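> what follows is a predicted protein model with its sequence.
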Amino acid sequence: MKRRLPIVLAAVVYYTLARHVQDIVLTGIVATDDVIVGSEVQGRVQQLLVQQGDEVKQGQLLALIQPEEWKADMAYYADSEQQSAAHVDQAEADLRYQEAQTRDGAEQAAARLEAAVYGVWRWFSQGPAGDNGNV
């Protein structure tokens, strides 16, 4: 049993050290008949410009998509943009109105305070009405 332990231990060490994972580099040509083709936009095909089996190049136009759906989407988004812009304009006008109302209210409050302070000053400096300054 004692003789087997060093052999087993040596085998484990050798296996661990000798086991190096290396990349495998292959060269050659990949030939396939299957190609996944996708469009950049969604829609229904109006016209197919190539046939099955035709050779095509990268970037070549393969099909035309019906523009009606795209045009409807563009009209919808343009209308939404115009409505949003109108809402922004209305909100800005409302803000200017509220600022003017607040400014006017503050000016009126300041004028009333000034009149009250003047009235109190006058009362103390001249005395109550009908008193003619006699205390």
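Thanks, I have it. If you're wondering where the values come from, they're calculated on a predicted model, not measured in any experiment.

> for L48, phi and psi?
phi -90, psi 120 (degrees, to the nearest 10).

> surely it and L62 touch.
Yes: the pair L48 / L62 is scored as a contact, 7.3 Å apart, by CB atoms under 8 Å. Just so you know, the C-beta spots here come from the backbone N, C-alpha and C atoms, and that holds for glycine as well.

> first vs last residue of stretch 45-64, how far apart are they?
Counting by CA to CA, to the nearest Å, you get 6 Å between the two ends of stretch 45-64.

> so which bits of that stretch are buried?
Using 16 or more other CB atoms under 10 Å as the test for burial, stretch 45-64 gives no buried residues.

> for stretch 65-75, same thing?
I65.

> what segments of this protein are helices?
Taking DSSP state H, the helices of the chain run over residues 4-18, 67-126.

> between those helices, which one is closest to V56.
The minimum distance between V56 and the helices of the chain falls on helix 67-126, with 22.6 Å, by CB to CB.

> quick check: mean pLDDT of the closest one?
On average, the pLDDT along helix 67-126 is 93.

> ditto for stretch 39-54
82.

> on that earlier part again, mind putting the helices of the chain in TSV, distance to E55 included?
Below are the helices of the chain laid out as TSV (distance: least, CB to CB, whole Å):
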stretch	distance to E55
helix 4-18	49
helix 67-126	28
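
> out of these, which gets nearest to V37?
helix 67-126 (19.3 Å).

> for the closest one, packing partners?
Helices and strands touching helix 67-126, by 3 or more CB pairs under 8 Å, 6 or more residues apart in numbering; DSSP states H and E: there are none.

> G38 is nearest to which of the helices of the chain?
G38 sits nearest to helix 67-126 of all the helices of the chain, at 16.8 Å, using CB to CB.

> and K57, how far from R122?
96 Å (CB to CB, to the nearest Å).

> likewise for D94?
D94 is 42 Å from R122, by CB to CB.

> same deal with V50?
Taking CB to CB, one finds V50 at 97 Å from R122.

> and what of M74?
Applying CB to CB to M74 and R122 gives a distance of 71 Å.

> P67 now?
P67 is 81 Å from R122, by CB to CB.

> ramachandran coordinates for the residue lying closest to R44 once chain neighbours are set aside?
Of all residues not flanking R44 in the chain, Q66 sits nearest, at 4.7 Å (CB to CB, 6 or more residues apart in numbering). Backbone torsions of Q66, given as degrees, to the nearest 10, read phi -60, psi 130.
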